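Novice: okay, predicted coordinates and the sequence, questions at the end:
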Amino acid sequence: MTITRRDFARHSAFTGASVALVGSVGALSTAPGALAADDQAAGAEGGDGAAGEGGHGPGYGPLVPDPHGILALPAGFSYRIITHSGVTKLESGEYTPSNHDGTAAFEGPRGTTLLVNNHELKGARSRWKHPVPLVEGLVYDPAASGGCTVVEVHRSGEVAEWVGIAGTSTNCAGGSTSWGTWLTCEENSDRAGQNGMTKDHGYVFEVDPYDRRANLNPKPIKAFGRFDHEAVVIDPKRGHAYLTEDDSEPNGLLFRWVPPHGFKHGRGQLRKLTDDAGTLQATKCFDSGGRFVDDLSRATRIGTVYGVDWIDVPDRDGRTVPVREQFDDGDITRARKLEGMWWADGGAYIVSSYARDESPGEPHDGQVWFYDPKRRTLTLKVLLGTGGQLDGPDNITVSPYGGLVLAEDGEGGQHLFGATESGRTYPIARNELNVGTEAEPEFSEFAGVVFSPDGKTLYANIQDPGIMLAITGPWRRRRPR
């Protein structure tokens with residue numbers, strides 16, 4: 001059933017336009033002097049990201065500098081390098097590819113952990129020292145540099161790594177499925193003949209970490225559309241897929257794919273879909289007064305709730321016009337830098353990294369929204385104001401200990417940071433690997449943040465040069481899920 005602007009406005013008026021927050025993660029704000037929504041009710045001040053390092057707020061205390069110059073962590077925590085581009089090697093003998101990005105973790109056989117790791121490599125293979133190797137049978141486009149590797153971590157500490165898919169482009173984020181596979185997203189929509197590519201790009205591919213044979217002869221899931229994909233999650237109850245687009249001029253879109261009648265998800269089912277299977281739709285939001293919302297940057301307060309309608313995409317493959325340009329002003333709602341997603345609490349957490357002059361609303365350094373498919377609403381859960389200590393959230397996960405964990409891809413220092421249910425922020429790690437110079441230091445983004453299936457290890461990537469890290473320590477405040 002489609003919820004209309006009138007229905008949403010009438011419901012909001014009936015409830016006094018005071019809409020409760022959705023989900024179990026508390027609202028968060030790091031704008032200087034701002035209050036988290038649930039701290040406002042208690043009359044307490046919200047954190048600005050510094051409290052954890054000061055030792056008086058949430059989190060695990062101040063970050064201790066790393067004598068090895070890689071990762072600062074709180075006292076009692078430690079890290080281990082799992083893969084390192086140009087240092088560690090694949091089973092086939094080549095070096096681990098570079099530019100680690102989105103990652104998923106799965107429970108492997110005999111106590112192992114299986115991780116599928118994206119490598120965000122764009123353009124011709126000659127551009128990169130360590131592209132994803134072209135393993136026979138696993139290649140989509142032999143001209144493309146990107147792909148995924150599968151990493152197997154044993155209890156003994158032994159690590160094995162092999163190619164899951166090759167010949168894809170700019171594998172940024174993606175999403176895990178309830179049936180134990182990884183959906184890897186191409187954040188590049190070059191056509192065959194552009195930038196040396198021999199096939200069209202801008203698709204989602206499925207990678208099975210358990211069955212290498214299932215990855216043979218890679219096939220794009222064209223039903224999910226062709227655009228600069230960032231992330232994807234699957235609603236395990238309804239079967240809908242939600243997808244983010246990281247693009248600009250104009251800003252990108254949040255999509256929903258509705259499966260065809262009778263379709264059931266499972267291993268190998270997505271590759272059986274026809275190119276036009278199901279319906280691809282884009283969001284159209286409206287506020288509690290029934291007014292159309294043209295861009296998510298219009299939201300300036302934690303707890304803002306928008307009603308959502310879904311508008312069919314005319315040409316999902318963008319054969320002549322890119323998908324996001326197929327809509328007139330007033331047709332759909334846009335957002336800048338739509339990035340990571342995570343399915344939890346009955347809905348999807350969705351990141352918008354920042355907004356500046358290209359967006360019609362207020363500038364910000366990051367938002368996290370929660371989409372509730374039952375209520376058909378988007379609720380603003382996180383708002384990072386400009387000028388704060390944290391900016392540019394990208395990959396996201398929901399912690400088994402409560403709250404969110406986000407990977408920073410912003411200006412200056414780069415952190416992994418958490419947010420408690422009460423809305424307070426705290427640092428978990430700081431990247432200390434300087435890839436610039438002493439005079440002009442530069443620190444690469446974090447990516448691929450995900451907990452192991454048993455919740456004991458937090459995996460994360462430093463994208464440049466490409467390092468996967470396993471972080472362990474005295475995690476606490478675990479809650480059942």
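Specialist: Cool, got the structure.
Novice: where is the longest strand in the chain?
Specialist: Taking DSSP state E as the assignment, the strand of the chain that covers the most residues is strand 159-168.
Novice: and the next helix-or-strand element following it, C-alpha only, in PDB?
Specialist: Elements were assigned by DSSP states H and E; along the chain past strand 159-168, the next helix or strand is strand 171-176. Backbone C-alpha positions of strand 171-176 (Å, rounded to 0.1, in the frame of the first residue of the first chain) are rendered in PDB as follows:
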ATOM      1  CA  ASN A 171      34.100  -1.900  -5.700                       C
ATOM      2  CA  CYS A 172      33.100   0.400  -2.900                       C
ATOM      3  CA  ALA A 173      30.600  -0.900  -0.300                       C
ATOM      4  CA  GLY A 174      27.900  -3.500  -0.600                       C
ATOM      5  CA  GLY A 175      26.000  -5.600   1.800                       C
ATOM      6  CA  SER A 176      25.800  -9.100   3.300                       C
END
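Novice: touching strand 171-176 from outside, list them.
Specialist: 101-102, 104-106, 118-121, 146-148, 182-187, 204, 229-234, 244, 246, 339-341, 343, 394-395, 447 (Cβ atoms under 8 Å, 6 or more residues apart in numbering). For every residue, glycine as well, the C-beta is placed using N, CA and C.
Novice: against which helices or strands is the helix or strand just after it packed?
Specialist: Using DSSP H and E, the helix or strand that follows strand 171-176 towards the C-terminus is strand 182-186. In terms of contacts (3 or more Cβ pairs under 8 Å, 6 or more residues apart in numbering; DSSP states H and E), strand 182-186 is packed against strand 100-107, strand 113-119, strand 146-153, strand 159-168, strand 171-176, strand 204-207, strand 229-234.
Novice: partners of Leu378 in the sheet?
Specialist: Beta-bridge pairing for Leu378 (DSSP bridges): Tyr306, Tyr371.
Novice: and if you look at Met468?
Specialist: Thr83, Asn461.
Novice: which residues touch it?
Specialist: With Cβ under 8 Å, 6+ apart, Met468 has these contacts: 81-84, 100, 103, 115, 117, 151, 448, 459-461.
Novice: quick one, which of those residues are buried?
Specialist: Listed as buried from the contacts of Met468 are 81-84, 100, 103, 115, 117, 151, 448, 459-461; burial here means 16 or more other Cβ atoms under 10 Å.
Novice: and which of these is nearest to Thr170?
Specialist: His100 (13.2 Å; Cβ to Cβ).
Novice: in contact with Leu216, which residues?
Specialist: Counted by Cβ under 8 Å, 6+ apart, Leu216 has contacts Gly137, Leu138.
Novice: what do you get for the one 3 residues further on?
Specialist: Listed by Cβ under 8 Å, 6+ apart, the contact set of Lys219 reads Phe205, Arg271.
Novice: mind checking which helix or strand it is in?
Specialist: Here Lys219 is assigned to no helix or strand, by DSSP H and E.
Novice: about what we covered before: how about the buried ones among the contacts of Met468 in CSV, adding distance to Phe255?
Specialist: Formatted as CSV, these follow (distance: Cβ to Cβ, whole Å):
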residue, distance to Phe255
Ile81, 36
Ile82, 32
Thr83, 32
His84, 35
His100, 26
Thr103, 22
Leu115, 26
Asn117, 24
Val151, 29
Gly448, 22
Tyr459, 27
Ala460, 27
Asn461, 25
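Novice: could you check the pLDDT of the closest residue to Leu458 other than its chain neighbours?
Specialist: Nearest residue to Leu458 in three dimensions, chain neighbours excluded: Ile471, at 4.4 Å (Cβ to Cβ, 6 or more residues apart in numbering). Per-residue pLDDT puts Ile471 at 98.
Novice: again with Asp331
Specialist: 96.
Novice: all helices for the stretch 1-150 of the chain, in order.
Specialist: 5-14, 37-42, 51-54 (DSSP state H, counting those that start in this stretch).
Novice: worst mean pLDDT among these?
Specialist: helix 37-42 has the lowest average pLDDT among the helices of the stretch 1-150 of the chain, namely a mean of 32.
Novice: how many neighbours does Glu411 have?
Specialist: 10 (other Cβ atoms under 10 Å).
Novice: can you tell me the SS state at the residue nearest to it when sequence neighbours are not counted?
Specialist: Closest residue to Glu411 apart from its sequence neighbours, by Cβ to Cβ, 6+ apart: Asp391 at 6.0 Å. Assigned by DSSP: H, G, I helix; E, B strand; the rest coil, the conformation of Asp391 is coil.
Novice: and what of Ala214?
Specialist: helix.
Novice: thought it was touching Arg267?
Specialist: Yes. Contact criterion Cβ atoms under 8 Å: Ala214 and Arg267 qualify, at 6.9 Å.
Novice: overlap of the contact sets of these two?
Specialist: Asp208.
Novice: low-confidence ranges in this protein?
Specialist: 1-57, 421-424, 477-481 (pLDDT under 70).
Novice: what about the strands in the stretch 201-350 of the chain?
Specialist: Assigned by DSSP state E, counting those that start in this stretch, the strands in the stretch 201-350 of the chain fall at 204-207, 229-234, 241-245, 252-258, 279-286, 292-293, 305-312, 334-335, 338-344, 347-352.
Novice: okay, which residue is most central for this protein?
Specialist: Gly340 (1.7 Å; Cα atoms, centre = their mean).
Novice: returning to that earlier point: let me know the closest of the buried ones among the contacts of Met468 to Leu73.
Specialist: Ala460 (11.1 Å).
Novice: helix, strand or coil for the closest residue to that closest one other than its chain neighbours?
Specialist: Counting by Cβ to Cβ, 6+ apart, Val449 is the residue found nearest to Ala460 once chain neighbours are left out, at 4.8 Å. What three-state DSSP gives for Val449 is strand.
Novice: if I look at Val449, how far off is Glu91?
Specialist: Look at Val449 and Glu91: by Cβ to Cβ, to the nearest Å, they are 26 Å apart.
Novice: which of those two has more residues huddled nearby?
Specialist: Neighbour count, other Cβ under 10 Å: between Val449 and Glu91, Val449 has more, with 28 against 13.
Novice: which residues sit in contact with the more buried one?
Specialist: So Val449 contacts Thr103, Asn395, Ile396, Thr397, Val405, Leu406, Ala407, Leu416, Leu458, Tyr459, Ala460 (Cβ under 8 Å, 6+ apart).
Novice: number of residues surrounding Phe370?
Specialist: Around Phe370 there are 24 residues (other Cβ under 10 Å).
Novice: surely it and Leu378 touch.
Specialist: Yes. Assessed by Cβ under 8 Å, Phe370 is found in contact with Leu378 at 7.1 Å.
Novice: now for Gly157: which residues touch it?
Specialist: Arg80.
Novice: returning to that earlier point: the residue nearest to the centre of the chain and Val398 touch, don't they?
Specialist: No. With contact defined as Cβ under 8 Å, Gly340 does not count as touching Val398 (11.3 Å).
Novice: burial of Cys185, as a residue count?
Specialist: With other Cβ under 10 Å as criterion, Cys185 counts 30.
Novice: state the distance from the closest residue in space to it that isn't next to it in sequence to Pro142.
Specialist: Distances taken as Cβ to Cβ, 6+ apart place His229 nearest to Cys185, at 3.6 Å, with adjacent residues excluded. Applying Cβ to Cβ, the value for His229 to Pro142 is 21 Å.
Novice: neighbour count winner among these two?
Specialist: Legend: neighbour count by other Cβ under 10 Å for His229 and Pro142, higher for His229 (32 against 12).
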